[in-house]
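Novice: Got a sequence here, can you model it:
(2 chains)
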Number of protein chains: 2
Amino acid sequence: MKKLKRSARLVEMTQYLLSRPHTLIPLTTFADRYGAAKSSISEDLVIIKEVFEDEGMGELLTMAGAAGGVRFIPKIPKEQALIFAQDLCSQLQQKDRILPGGYLYMSDLLGQPSLMDEAGKIFATAFADQDIDVVMTVETKGIPLAYATGAQLNLPVVLVRRDHQVTEGSAVSINYVSGSHKSIHTMSLSRRALKEKSKVLIVDDFMKAGGTIQGMVDLLAEFEAEVAGVGVLVESGSVESEERLLHDYVSLAILTGVDSKSKEIDVSPGNYFNKR
Amino acid sequence: MKKLKRSARLVEMTQYLLSRPHTLIPLTTFADRYGAAKSSISEDLVIIKEVFEDEGMGELLTMAGAAGGVRFIPKIPKEQALIFAQDLCSQLQQKDRILPGGYLYMSDLLGQPSLMDEAGKIFATAFADQDIDVVMTVETKGIPLAYATGAQLNLPVVLVRRDHQVTEGSAVSINYVSGSHKSIHTMSLSRRALKEKSKVLIVDDFMKAGGTIQGMVDLLAEFEAEVAGVGVLVESGSVESEERLLHDYVSLAILTGVDSKSKEIDVSPGNYFNKR
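Specialist: Now for the predicted structure:
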């Protein structure tokens, strides 16, 4: 036990809370940690709460009573999320991203931990009130996004593989049809990776018709698990509505067109920003 | 510009610094942000610095002069890193991790964002003084570790693929020999993913003889890039010294033996904890 002055305590408590999102911390933890009265800790938390909320960092929920404590819920305000999405869109519109076949090079953006972190915070905001046990993605490019989301929600990440790996033990494999090419692929999940009846948030970097995500949904059925939500960074808007396999998801950007000749790329903020 | 009291300012500055590791922040940024005198900001930073250093969170470097400012360098003290490694070892020793072929199931551990984050902080500590431009890994399981390290060092992550993907544009591919099985594999890196002459920190989850990492080293040569360091979460110690392809690396745990019959797993803290 160390006695800290209020100023030092505020610094310490701030970092303690920030590194433990969605975790209930009893006031006695802080009181013991700093050798302070609970009433002083409560006053500190009022100051921290005000700054967190004013700065759009999230909510600090205090629960009274014997089992009470404080819980930090990271949340990004919609206006701040929209600025992020607009910036993402303007980066995605750079002409030199166009690859043969009308694909868009995104790996430089997906390779920025701070950008993934911000997107993860937006998904954590969008799904903050859902009852979720794990975040799931399929290799490869959605992985950093899934971890960023899992970190903010204080949840583990489950990784679906394209092939069955020896390091995964016994696994359940399914075939799925990739909607855009109508080609058949396999995905597989280790038996021990996911408990039955789990509630799963699916996260991926890109969705066209939704075949890959539908594959994950089908895989979840094999585990008697259920979908708690779907979040994608970029969705392709150039899919006819009847071709789309999935209708209930959150996207941060919509790619409506890539013109290889004129090098025009149309991308706008995703359905997360629609009025509801 | 908003006027904040010292108490609120300390909370705000703490979160601001924590979310911007290895980034120079001029004092004027804070002074403007809070409508405070630079002298007050300096006093705040003294308080924050003391807490950060007492708590083993890292260093707060202040640079005087016109181009001066403050820089947060996340660092975990060795004793705290050792506690992490010992805990990792005891988790790796759970008998039910043994898979056919003497492989060890690790995906549940790699799926915990907070554990990856801690390991990333240790690598960021180990390589804090190196001149590094990017963190590199090869898909799949090392990805969360590479991002955790990149986040702490404020560096982008470059991802080597097993196959050449249409979404990566033109790429350089090489063949490499996986040391443990002497089998030949391919890895590939998008041409635009890495600038020539880059200094690269290679991170991976597991290393046996080092064939995969040697493959990445060979790939770097194709980009005239150089290796700034190699960090692996777990190395296999059951490799004869002359078989080992790589000798200069940092490991957090060493797996010396897996006995499928007795279900005994021998694992101890890695070479990072050797006296030097």
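
Novice: could you say which helix or strand contains A:Ala124?
Specialist: Assigned by DSSP states H and E, A:Ala124 belongs to helix A:113-126.

Novice: For that helix, buried residues please.
Specialist: By neighbour count on 16 or more other Cβ atoms under 10 Å in any protein chain shown, the buried set for helix A:113-126 is A:113-126. (C-beta placed from N, C-alpha, C; glycine too.)

Novice: Residues contacting it, please?
Specialist: A:21, A:74-76, A:81, A:84, A:88, A:109-110, A:144-145, A:147-153, A:201, A:203, A:229, A:231, A:233, A:250, A:252, A:272, B:147, B:150-151, B:154-157 (Cβ atoms under 8 Å, 6 or more residues apart in numbering or on different chains).

Novice: That one to helix B:113-126, inter-axis angle?
Specialist: Orientation of helix A:113-126 against helix B:113-126 (axes from the mean of the first three to the mean of the last three Cα atoms, to 10 degrees) gives an angle of 160 degrees.

Novice: After helix A:113-126, which helix or strand is next?
Specialist: Next in sequence after helix A:113-126, counting helices and strands by DSSP H and E, comes strand A:134-138.

Novice: Buried residues, stretch A:31-46. List them.
Specialist: Under 16+ other Cβ under 10 Å, the buried positions of stretch A:31-46 are A:31, A:33-34, A:36, A:41, A:44-45.

Novice: Take those and write them to JSON lines, including pLDDT and distance to B:Ser262.
Specialist: Converted to JSON lines, those look like this (pLDDT from 0 to 100; distance: Cβ to Cβ, whole Å):
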{"residue": "A:Ala31", "pLDDT": "94", "distance to B:Ser262": "47"}
{"residue": "A:Arg33", "pLDDT": "93", "distance to B:Ser262": "42"}
{"residue": "A:Tyr34", "pLDDT": "93", "distance to B:Ser262": "47"}
{"residue": "A:Ala36", "pLDDT": "94", "distance to B:Ser262": "51"}
{"residue": "A:Ile41", "pLDDT": "95", "distance to B:Ser262": "50"}
{"residue": "A:Asp44", "pLDDT": "96", "distance to B:Ser262": "52"}
{"residue": "A:Leu45", "pLDDT": "97", "distance to B:Ser262": "51"}
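
Novice: And the residues you listed, which two are furthest apart?
Specialist: Farthest-apart pair in the buried residues of stretch A:31-46 is A:Arg33 and A:Leu45; separation 13.3 Å (Cβ to Cβ).

Novice: what's near enough to touch the residue sitting nearest the centre point of chain A?
Specialist: Against the mean C-alpha coordinate of chain A, by Cα atoms, centre = their mean, the closest residue is A:Thr149 at 2.9 Å. Shown in contact with A:Thr149 (Cβ under 8 Å, 6+ apart): A:119-120, A:123-124, A:127, A:135, A:155, A:201, A:203, A:231.

Novice: In three-state terms, label it for me.
Specialist: Recorded secondary structure, A:Thr149: helix (DSSP: H, G, I helix; E, B strand; the rest coil).

Novice: okay, now the closest residue to chain B within the stretch 151-276 of chain A: neighbour count?
Specialist: Here the stretch 151-276 of chain A gets closest to chain B at one residue, A:Ala151, 3.8 Å apart by Cβ to the nearest Cβ. Per other Cβ atoms under 10 Å in any protein chain shown, the neighbour tally for A:Ala151 reads 29.

Novice: Relative to B:Thr62, how far out is it?
Specialist: Distance, A:Ala151 to B:Thr62, by Cβ to Cβ, to the nearest Å: 29 Å.

Novice: what's the answer for A:Gly111, then?
Specialist: Remark: distance between A:Gly111 and B:Thr62 (Cβ to Cβ) = 31 Å.

Novice: any idea how far the host helix or strand of A:Val46 is from the chain center?
Specialist: Using DSSP H and E, A:Val46 maps to helix A:38-54. In terms of Cα atoms, centre = their mean, to the nearest Å, the centre of helix A:38-54 is set 27 Å apart from its chain centre.

Novice: where does A:Ser65 land on pLDDT?
Specialist: That one is not Ser; residue A:65 is Gly. pLDDT recorded at A:Gly65 is 80.
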